[in-house]
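> Whatever this is, show me its structure:
(2 chains)
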Number of protein chains: 2
Amino acid sequence: MTAPVTVTDPDDPRLRDYTALTDVALRRRREPAEGLFMAEGEKVIRRALAAGHPMRSMLLSARWAEQMRDVIEEAGAPVYLVEPELAERVTGYHVHRGALAAMGRLPLPEPGELLAAARRLVVLEAVNDHTNIGAVFRGAAALGIDGVLLSPDCADPLYRRSVKVSMGAVFSLPYARLERWPHGLREVTGAGFRLLALTPQERAMDIAEEVRERGGDRVALLLGAEGSGLTPRALAAADAWVRIPMAHGIDSLNVAAAAAVACYAVTRP
Amino acid sequence: MTAPVTVTDPDDPRLRDYTALTDVALRRRREPAEGLFMAEGEKVIRRALAAGHPMRSMLLSARWAEQMRDVIEEAGAPVYLVEPELAERVTGYHVHRGALAAMGRLPLPEPGELLAAARRLVVLEAVNDHTNIGAVFRGAAALGIDGVLLSPDCADPLYRRSVKVSMGAVFSLPYARLERWPHGLREVTGAGFRLLALTPQERAMDIAEEVRERGGDRVALLLGAEGSGLTPRALAAADAWVRIPMAHGIDSLNVAAAAAVACYAVTRP
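The predicted structure follows:
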């Protein structure tokens, strides 16, 4: 077991992975470029490790070093013990979960690998809000979807906020990026998936009816960002348009709620 | 039409309704006590008015006075024009939607009124997060639920954040508070509703199966706060326990996603 090291200097270069965590613009650039992401809190750190992500180091308050003794032994990575004030000074926020880990990314699978193995997929266009990405992953994983495909401009599922909101589902649900958009959608339909675009438009078919008529197998659910919804180009690439019927004059659901309902509808025909 | 008044003094007593909006503890006490709530942004303000809420005043930047001319005429309430810096100083945050309205609350209906008129209800226990309350209302309204009953310790649906996340659904979906908990649930079952408690527990029945067997009419869906879930007392008061089957080792959904899926399941048997 690597002995934990107490660190008292906020400028200690060993803490570099943890600097300025609240600077979203900086971290969005830095983390993918350096093959790094942050896991926050004991549960999420354990799930990241269990999913095979290598640990670079951990930043812990003293009480967590005891609690996570087995994790420290298993991971064999450096452990830095810090006072809460120092953690806040380095990261820029109050780390109330007391445990942060700098983890290494794994290479993403190719879309083709997901398409070969999956029965049902979620495909996201331009969902660039970290909370929404995390919430979609949590719901899709829970409701039995086999993987997620992302347009090039979707937010990073491994950004700290996404990981946290997903409750670690970003580790258990495989995902890949389509490099070209919307042309990459042809790969989805070419692999035999029926690509269903979710839209509130009246001319779209009730999703329950679509599933009754054609079943919920080899289906890819295409969802767009909240507010703007799917682009005309993405809508045009779909095999069919489906909608979740709505009442009370409400014209749309949050993208995570829409995804959860749609996943439920296709997995329980 | 009331002529808009330009205000330049942050301590002007006419701005009192708008002070310290970011002080959650203060506003949670003050707003219900003073029969007040805040509507933020043009769309939400219009929906609050359309739902019959009286307007106390509006705080606008100059460009919004033009855009909301018809609202100003219709409401006949004082309008205060302020520079963005002044708005920030008074409220404590950058009002990027440029329009705030102080609105008056209406008396809530009695639970009995809702129970007499509704086919399907959502009942919430201890959901004290404003974002979650708002998201549950948005989903429940969209998916055709007729009303919401709240336990005494649920958060305020008219708190600024709840209103915003609900996209105004807190105005279109009637709700009431049960004064006694969990005894008040007897009123629900006494009115002929089948009270279904959502729980991830294995011994609960698949919600789809429950709906297939007994239909989705005169059903009340009982959901608890994220994390802790329903209390044993609330679980004991239910007619049956139902669950949404989950995959990938995920053990729960966010309460808003769970509510959306459950509402979908009971409204489309």
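> what pLDDT does the residue nearest the centre of chain A get?
By C-alpha atoms, centre = their mean, the mean C-alpha position of chain A lies nearest to A:Pro157, the distance being 3.0 Å. With respect to pLDDT, A:Pro157 has a value of 97.
> Give me the neighbour count for A:Ile250.
Residues lying near A:Ile250 (other C-beta atoms under 10 Å in any protein chain shown) number 22. For the C-beta atoms, the positions are set from N, CA and C on the backbone; glycine is no exception.
> Ignoring the adjacent residues along the chain, who's closest to it?
Of all residues not flanking A:Ile250 in the chain, B:Ala142 sits nearest, at 4.0 Å (C-beta to C-beta, 6 or more residues apart in numbering or on different chains).
> Next: A:Ala77.
A:Met55 (4.1 Å).
> and that neighbour, what does it touch?
Contact partners of A:Met55, counting by C-beta atoms under 8 Å, 6 or more residues apart in numbering or on different chains, are A:Ala48, A:Leu49, A:Ala75, A:Gly76, A:Ala77, A:Ala101, A:Ala102, A:Met103, A:Gly104.
> cool, and A:Leu253?
A:Ile244, A:Met246, A:Val261, B:Arg138, B:Gly139, B:Ala142, B:Ala260.
> Quick check: the gap between the last one and A:Met167.
This means B:Ala260. Distance, B:Ala260 to A:Met167, using C-beta to C-beta, to the nearest Å: 17 Å.
> likewise the second one?
A:Met246 sits 27 Å away from A:Met167 when distances are taken as C-beta to C-beta.
> now do the fourth one
The spacing between B:Arg138 and A:Met167, counted by C-beta to C-beta, is 21 Å.
> got it, and the fifth one?
Separation of B:Gly139 from A:Met167 (C-beta to C-beta): 19 Å.
> now swap in A:Gly224 and tell me
24 Å.
> ok, now which ones touch the residue nearest to A:Ile250?
When contacts are counted by C-beta under 8 Å, 6+ apart, B:Ala142 touches A:Ile244, A:Met246, A:Ala247, A:His248, A:Ile250, A:Ser252, A:Leu253, B:Ala169, B:Ala260.
> Just give me the neighbour total for the first one.
Neighbourhood size, A:Ile244 [other C-beta under 10 Å]: 23.
> so what's it up against?
A:Ile244 neighbours (C-beta under 8 Å, 6+ apart): A:Leu198, A:Pro200, A:Ile207, A:Leu253, A:Ala258, A:Val261, A:Ala262, A:Ala265, B:Ala142, B:Leu143, B:Tyr264.
> and the fourth one, helix, strand or coil?
Classification of A:Leu253 into helix, strand or coil gives coil, according to DSSP: H, G, I helix; E, B strand; the rest coil.
> Now do the same for it: its pLDDT.
Model confidence at A:Leu253 (pLDDT) stands at 92.
> do the second one as well
Turning to A:Pro200, the model gives it a pLDDT of 92.
> so what does the lowest-mean-pLDDT helix or strand in chain A touch, helix or strand wise?
Every helix and strand of chain A was ranked by mean pLDDT, DSSP states H and E. The lowest is helix A:62-67, at a mean of 90. In terms of contacts (3 or more C-beta pairs under 8 Å, 6 or more residues apart in numbering or on different chains; DSSP states H and E), helix A:62-67 is packed against strand A:79-81.
> Hmm, A:Val261 is touching B:Tyr264, no?
Yes - shown here, A:Val261 and B:Tyr264 form a contact pair, counting by C-beta atoms under 8 Å, at 4.8 Å.
> any common contacting residues for the two?
With C-beta under 8 Å, 6+ apart as the test, A:Val261 and B:Tyr264 both reach A:Ile244, B:Leu143.
> picking that back up, neighbour count: B:Gly139 and A:Met167, which is higher?
Using other C-beta under 10 Å, the more surrounded residue of B:Gly139 and A:Met167 is B:Gly139, with 31 against 23.
> Give me the three-state assignment for the more buried one.
helix.
> cool, and A:Val127?
Per three-state DSSP, A:Val127 ends up coil.
> contacting residues for it?
So A:Val127 contacts A:Ile133, A:Val136, A:Leu150, A:Cys154, A:Ala155, A:Leu223, A:Gly224, A:Ala225, A:Glu226, A:Val255 (C-beta under 8 Å, 6+ apart).
> Could you do A:Gly98 as well?
A:Leu60, A:Ser61, A:Arg63, A:Trp64, A:Pro84.
> Now the buried members of those residues.
Neighbour-count burial (16 or more other C-beta atoms under 10 Å in any protein chain shown) applied to the contacts of A:Gly98 gives A:Leu60, A:Ser61, A:Trp64.
> wait, which of the residues you listed is closest to chain B?
Among the buried ones among the contacts of A:Gly98, A:Trp64 lies closest to chain B (C-beta to the nearest C-beta), at 19.7 Å.
> Quick check: the closest one touching A:Glu42?
Yes - between A:Trp64 and A:Glu42 there is a contact under C-beta under 8 Å: 7.1 Å.
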